[in-house]
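[1] No sequence on hand, only this structure:
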């Protein structure tokens, strides 16, 4: 190993200088004072002795500190506790010591960041779990209907949300989609869910619930955030289904008598876009006969792409509903739609949350069933429905 | 070098309006590239009508809609107006479904907008 720098120069200069000095001194004494202090052999021996002493001193100066540095490096490599190396030296040993300190500091920083990242990931998982608990895991039985729901988030915290709330003889239910994903979307979703759950106890119509929810929500969210929503209400006494569209996707209605699929535009305006939506949204009714199927969904379904870049689209979900709307109950229909959707998207990465809600009006005497699935596995990984 | 997915051009056309033309896709990537530039245009804008021409815009996502709302709120707070013209069908459908056109004026053709401001003044 070649050693360069001040440290190396010191060794050789020192040694050479002192040796020459000793030789010159001896010769000078001999020349000027005409006596021999040392014989030449003695001079050589003294020079050699001094040389050896210098070597011992400088080895002590190199080897000892170097071995300390090596010990700390070994500790790092063996994942043991290590110590910072304090030194004022600016030679090669000093450089090595400072380098060791810098490297270990960087390692500590990266380790802290990893730990923080793990902690945040853990908190996001917890938040995601809490958010999932807001979405009911069992849909309440709506008298006269089969109900089935499937939901899968694109990220830990989703922006799609839904709920079923029974109030007296009525059931309010909604499907919604907040702008974006992650923590901000999850917070908006939670706020909307809380407001709706409160207002259904106070107001009698889906219209009032929507108007009041929007009024409170707009004050509390950023200008860039909004939530599209379809608010539904089943009046068990009047046997009437009504809805208030808030800038959401169409409602699809499979008509059992004709096999046709009606497409009802949502209308209205998304929650959080304007302070007062009372003149923009309205409540409308849907006539449903036995066997008719109502399908609500979020744009994660229609905007999903396959490997060729084609979108599933409104036409895609309409076609699948037309094919399977007359086959089985809500659970069978939703599984068939999910399977066809998964076949279409193939292995394309899921970019947005996907939510499907299917309600089938039962025949007289048919038993109501409910089904909710929030599993995060790809819908194509589930067993096929026969 | 990757091509930008979104391009914008500002034209100082009329006394009381300017037109910003959009090309490409206003998606997450395109918006991230052009957001600052667009906001700077909005901050510097001192006329009455800021017109966004979407005739060459192919795609618009929900994040972009939020951005349009932000621009609209800012302009409204200064008594100015954001106007959208000539959106392609798929873009128009998105704006219509979400209800943004309930709050923003939209004109199918630029001439319709120009006629309407002439009538106003």
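    Alright, I've got the coordinates. Everything numeric in this text was worked out from a predicted model, so none of it was measured. Numbers count the residues shown, from 1 in each chain, chains lettered A, B, ... in the order given.
[2] okay, CA-based contacts and neighbour counts for the rest of this
    Fine.
[3] Tell me how many other residues crowd residue 26.
    Just so you know, I chose chain A. Applying other CA atoms under 10 Å in any protein chain shown, we find 18 residues neighbouring residue A:26.
[4] my bad, chain B
    For residue B:26, the neighbour count with other CA under 10 Å is 25.
[5] Grab the nearest non-local neighbour of residue A:86.
    Leaving aside its sequence neighbours, residue A:86 sits nearest to residue A:97 (CA to CA, 6 or more residues apart in numbering or on different chains; 7.6 Å).
[6] swap in residue B:62?
    Distances taken as CA to CA, 6+ apart place residue A:179 nearest to residue B:62, at 6.0 Å, with adjacent residues excluded.
[7] For that neighbour, list the residues it contacts.
    By CA atoms under 8 Å, 6 or more residues apart in numbering or on different chains, the residues touching residue A:179 are A:159, A:185, A:225, A:226, A:227, B:62, B:63, B:66.
[8] Give me the pLDDT for it.
    Here the pLDDT value assigned to residue A:179 is 83.
[9] ok so, going back, now name the helix or strand holding the residue nearest to residue A:86.
    helix A:92-134 (DSSP states H and E).
[10] Run through the strands of chain A in chain order.
    Counting by DSSP state E, chain A has these strands, from start to end: A:145-152, A:160-167, A:170-178, A:227-235, A:240-246, A:251-254, A:261-264, A:283-286, A:293-297, A:354-361, A:370-373.
[11] Report the distance from the third one to the chain centre.
    Read it as strand A:170-178. How far strand A:170-178 lies from its chain's middle: 26 Å, per CA atoms, centre = their mean, to the nearest Å.
[12] what does the fifth one give?
    Counting by CA atoms, centre = their mean, strand A:240-246 is centred 34 Å from the centre of its parent chain.
[13] ok, now the first one?
    Averaged C-alpha coordinates place strand A:145-152 at 26 Å from its chain's average position (CA atoms, centre = their mean).
[14] residues making contact with that strand?
    Contacts of strand A:145-152 (CA under 8 Å, 6+ apart): A:139, A:141, A:160, A:329-331, A:334, A:353-362, A:368-377.
[15] Mind giving me the PyMOL command for buried ones among those residues?
    A single PyMOL command suffices to select whichever of those are buried according to 16 or more other CA atoms under 10 Å in any protein chain shown:
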select buried, chain A and resi 139+141+160+329+330+331+334+353+354+355+356+357+358+359+360+361+362+368+369+370+371+372
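[16] Which other helices and strands does the lengthiest strand in chain B contact?
    Longest strand of chain B, by residue count under DSSP E: strand B:49-60. When contacts are defined as 3 or more CA pairs under 8 Å, 6 or more residues apart in numbering or on different chains; DSSP states H and E, strand B:49-60 sits against strand B:17-26, strand B:81-85, helix B:89-98.
[17] relative orientation of the last one and strand B:49-60 in degrees?
    For helix B:89-98 against strand B:49-60, the angle by axes from the mean of the first three to the mean of the last three CA atoms, to 10 degrees is 110 degrees.
[18] got the contact list for helix B:89-98?
    Residues outside helix B:89-98 that contact it (CA under 8 Å, 6+ apart): A:228, A:246-249, A:265-270, B:57-60, B:65, B:101-102.
[19] Sheet partners, orientation included, of the next helix or strand after that helix?
    Sequence-wise, the next helix or strand downstream of helix B:89-98 (DSSP H and E) is strand B:106-107. Using DSSP bridges, the strands paired with strand B:106-107 in its sheet are strand B:81-85 (parallel).
[20] Chain B against chain A: which residues are in contact?
    B:62-63, B:65-70, B:73, B:96-100, B:102-103 (CA under 8 Å from any CA of the partner chain).
[21] mind running it again at 10 Å?
    B:61-74, B:94-103 (CA under 10 Å from any CA of the partner chain).
[22] Give the rounded mean pLDDT of the helix holding residue A:97.
    Average pLDDT, helix A:92-134: 79.
[23] same check, this time on stretch B:81-95
    Stretch B:81-95 comes out at a mean pLDDT of 93.
[24] just for the stretch 201-350 of chain A, where's the confidence low?
    By pLDDT under 70, the stretch 201-350 of chain A contains no weakly predicted segment.
[25] List the strands paired with the longest strand of chain B, with their directions.
    strand B:17-26 (parallel), strand B:81-85 (parallel).
[26] winner for burial among these?
    Mean neighbour count (mean count of other CA atoms under 10 Å in any protein chain shown) peaks for strand B:81-85 among the strands paired with strand B:49-60, with a mean of 22.
[27] right, and residue A:66 touches residue A:97 too?
    Yes - counting by CA atoms under 10 Å, residue A:66 touches residue A:97, with 8.6 Å between them.
[28] So for those two, which residue has more residues nearby?
    Neighbours per residue (other CA under 10 Å) separate residue A:66 from residue A:97, with residue A:97 holding more: 24 against 17.
[29] measure the more buried one to residue B:86 for me?
    Relative to residue B:86, residue A:97 is positioned 68 Å away (CA to CA, to the nearest Å).
[30] Same check on residue A:176?
    Separation of residue A:176 from residue B:86 (CA to CA): 29 Å.
[31] that older thread, how far does the longest strand of chain B sit from its chain's centre?
    Chain-centre distance of strand B:49-60: 5 Å, with CA atoms, centre = their mean.
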